[in-house]
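> Any chance you could fold what I've pasted below:
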Amino acid sequence: LVEVFTEFFFQPPDGQEWDSFILPAFYKKIEKDFPTRQRLSSVGIEFRVAGGGAGPEFQRFGPPTPRHRFLAEDQKTLVQIGDNLLVVNQLPPYYGWERYEPRVADCFGQYCRLWKPARVARAAVHYVDKVDLPVVEAGLDRYFNLLPVLPEFPPQGATNISLGYEVPGASEGDVLVVTMKQHPSSSPDGMTFMFQWDYVSTGGLEPETPAVREWLAKAHDYLHATFESTFTDECRELFN
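Residues are numbered from 1 along each chain as shown. Predicted structure coming up:
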């Protein structure tokens, strides 16, 4: 695992602009678990799912906007908040969904109690995985069920392989986008691939913790099933 992160983009209450004064109140609620504070300035990024099989696109817009980041003691779990935005990141080591999901739900509940957004305009769960294949003499089908189909010409030895697809999710308005891309490998006999799984609620959600936890559970189960079907047993052994 390279990273797992969950994003919530909120629709603000009618007639209200983002109130930065909720920051101290929010931090007070999570300070025990996230003692380190950072202030960042970044260009706003809006994730959207492109149709026509084009895969995910990132549309950058607007001037630099402040984002505040709070880190756990080991600096492996991060909470980021900004203008109608909440992100919870987990870097390796990943201790499992059973420990990660309650932190997401708790931060979501704290954010909504303080800001009271009208709606979750969009939510997304992202997983990024790196797969190092030690030997590829037998072909990629030894490890992957998701395979590129190459023409007979040019001859074998293709590099910079990239593949992606988009399918409906577990609930109406949900979409799963999967991308697979070859990266440089540290092994002369092997290959390295990065997989990204983007599960997105395009229809939005009610800003209530039980509803969001129900959506998170469906998203995780769907991602898990897709993950399992993508890799062969031999490949899964590489994840140890």
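> Distance from the chain centre to the longest helix seen in the chain, please.
The longest helix of the chain (DSSP state H) is helix 209-230. Distance of helix 209-230 from the chain centroid (CA atoms, centre = their mean, to the nearest Å) equals 12 Å.
> and that helix, which residues are buried?
212, 213, 215, 216, 218, 219, 220, 222, 223, 226, 227, 230 (16 or more other CB atoms under 10 Å). C-beta: built from backbone N, CA, C; applies to glycine.
> pLDDT below threshold where in this protein?
41-66, 153-156 (pLDDT under 70).
> change it to 50
43, 45-63 (pLDDT under 50).
> which stretches of it form helices?
22-30, 97-115, 209-230, 233-238.
> And the strands in this protein?
3-11, 36-50, 55-71, 77-82, 85-90, 119-133, 162-168, 174-183, 191-201 (DSSP state E).
> Redo those strands as JSON lines? Include mean neighbour count and distance to residue 17.
Formatted as JSON lines, these follow (neighbours: other CB atoms under 10 Å; distance: least, CB to CB, whole Å):
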{"stretch": "strand 3-11", "mean neighbour count": "20", "distance to residue 17": "13"}
{"stretch": "strand 36-50", "mean neighbour count": "12", "distance to residue 17": "15"}
{"stretch": "strand 55-71", "mean neighbour count": "13", "distance to residue 17": "13"}
{"stretch": "strand 77-82", "mean neighbour count": "21", "distance to residue 17": "13"}
{"stretch": "strand 85-90", "mean neighbour count": "21", "distance to residue 17": "14"}
{"stretch": "strand 119-133", "mean neighbour count": "19", "distance to residue 17": "16"}
{"stretch": "strand 162-168", "mean neighbour count": "14", "distance to residue 17": "34"}
{"stretch": "strand 174-183", "mean neighbour count": "18", "distance to residue 17": "30"}
{"stretch": "strand 191-201", "mean neighbour count": "20", "distance to residue 17": "24"}
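> For residue 126, list each beta-bridge partner.
residue 5, residue 198 (DSSP bridges).
> With distance to residue 28 added, can I get the strands of the chain in TSV?
What follows is the strands of the chain, written out as TSV (distance: least, CB to CB, whole Å):
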stretch	distance to residue 28
strand 3-11	20
strand 36-50	12
strand 55-71	11
strand 77-82	13
strand 85-90	16
strand 119-133	23
strand 162-168	41
strand 174-183	34
strand 191-201	29
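> looking at the ones you listed, which is closest to residue 18?
strand 77-82 (8.0 Å; CB to CB).
> Alright, that wraps it up for me.
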